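A.B. asks: With the sequence up front, the predicted model follows.
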Amino acid sequence: MMRATSTTRDYSLVGLDAERAVANGLSAAQWYRADISRKQMKQLMQRSDGPALRDTAIWGAGFLCLGAGVVWLWGSWWVLPFLVCYGVLYGSSTDSRWHECGHGTAFKTRWINDVVYQLACFMILREPTIWRWSHTRHHTDTIIVGRDPEIAVTRPPDMLAVLSNLFAIRNSFIAIRKLMLHAAGRLTEEEVTFVPEMEQSKVYLVARIWLMINAAVIGLALYLNSWLPLMLVGPLPTMYGAWLAHIFGLTQHGGMAENVLDHRLNSRTVYMNPLFRFIYWNMNYHVEHHMFPMVPYHRLPLLHEILKGDLPAPCPSLFAAYKEIIPALLKQRKDPDWYIRRQLPDTGKPLRPELHGEAVSASAE
């Protein structure tokens, strides 16, 4: 039985709540999983290069066309729509690419996964080794206070941080500061808790390479006496293009339950249009992804259809998701113990009391 959620929370990975999570059996625990046959799961987990090669070819063509438009129209107001679209590819679509390739499921061929992962990590300013292990912890201890390093919205919510990250201002500042630290051969106290010692030298090497690349881009900008190189490569397109990834990202867990061991309670699936799904690589099927993270992105819609009888009803649109997220965050500013209750369908398996505390009775209302 998990402890009741307290109003005061310590989201640090080295604080009191980290100790409590381990003591209460919430760390590296057994999660609820919907029933699915071994044959179906084996089929769903089969990897293929085809879908991701197709999508990556379209993605790359988009970069070339939009980048050429930015260069061609630089200096005129007509460049703005090209910059907006280029920024979305650079600072938003890369969020799902680093994520899926980090799981190793996007492509069947490992080296292609690794190349796209490294490229996407650079674009979105997420150091590859740090985020690979950070995301492993996120899946192991999803939204467990003191254990999950990727909780996007704490309770009570820091609304200034939420709004500033619409253009990755806060996140980019933190990322650049850590990049400098890593280039000096050091990790933060929290990073030491999830990055294995044998992997730490990779962190330092990549940080130094990234700094050299960015230094070269700055040097080119100074040589050309133009902002153009900085608008195409480096932290600036990461920031001005981050807004859509942030809008998508908040739907994953925003306002949901903490310290529960059932993804039906702490994650959210949202129906999106085909363009958004291409940019987001189907991560809108987020309950399904967390429950079975080794299913490739292009099979998540099928997994959703198989599991939907056991899952809460998805939000019918991005707009509908924010109709519940925004009021939830505002309520949590006054009452950090409040969270969105998810109603399971009549065909869904009931919540298991041994996995939850106050979330059981609240979600069953």
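C.D. replies: It's in. Numbering: from 1, shown residues only.
A.B. asks: wait, doesn't residue 218 sit right on residue 233?
C.D. replies: No: the pair residue 218 / residue 233 is not scored as a contact, 10.0 Å apart, by Cβ atoms under 8 Å. The way it works is simple: take the backbone N, C-alpha and C, and place the C-beta from them, glycine included.
A.B. asks: So those two - more neighbours on which side?
C.D. replies: Each of residue 218 and residue 233 has its neighbours counted (other Cβ atoms under 10 Å); residue 233 has more, 20 against 13.
A.B. asks: That one reaches residue 217, doesn't it?
C.D. replies: Yes: with contact defined as Cβ under 8 Å, residue 233 counts as touching residue 217 (5.0 Å).
A.B. asks: Could you list the low-confidence segments of this structure?
C.D. replies: 1-7, 352-365 (pLDDT under 70).
A.B. asks: Contacts only, for residue 258.
C.D. replies: Applying Cβ atoms under 8 Å, 6 or more residues apart in numbering, we find residue 258 in contact with 5, 9, 143, 144, 145, 155, 266, 339.
A.B. asks: What about the residues you listed, which one has the most neighbours?
C.D. replies: Within the contacts of residue 258, neighbour counts (other Cβ under 10 Å) peak at residue 144, which reaches 27 neighbours.
A.B. asks: Provide a list of residues in contact with the residue positioned nearest the centre of the chain.
C.D. replies: The C-alpha lying nearest the average C-alpha coordinate of the chain belongs to residue 249 (Cα atoms, centre = their mean; 6.0 Å). For residue 249, the contacting residues are 95, 152, by Cβ under 8 Å, 6+ apart.
A.B. asks: name the element it belongs to?
C.D. replies: Remark: residue 249 resides in helix 243-253, with elements defined by DSSP states H and E.
A.B. asks: and whichever strand or helix holds residue 85, what other elements does it pack with?
C.D. replies: Element membership for residue 85 (DSSP H and E) is helix 79-88. Applying 3 or more Cβ pairs under 8 Å, 6 or more residues apart in numbering; DSSP states H and E, we find helix 79-88 packed against helix 49-73, helix 235-240.
A.B. asks: Could you list the residues in contact with the longest one?
C.D. replies: Helix 49-73 is contacted by residues 79, 82-83, 85-86, 89-90, 93, 97, 100, 106-109, 112, 116, 228, 231-232, 278, 281, 296-298 when judged by Cβ under 8 Å, 6+ apart.
A.B. asks: which of the residues you listed are buried?
C.D. replies: 79, 82-83, 85-86, 89-90, 93, 97, 100, 106-108, 112, 116, 228, 231-232, 278, 281, 296-298 (16 or more other Cβ atoms under 10 Å).
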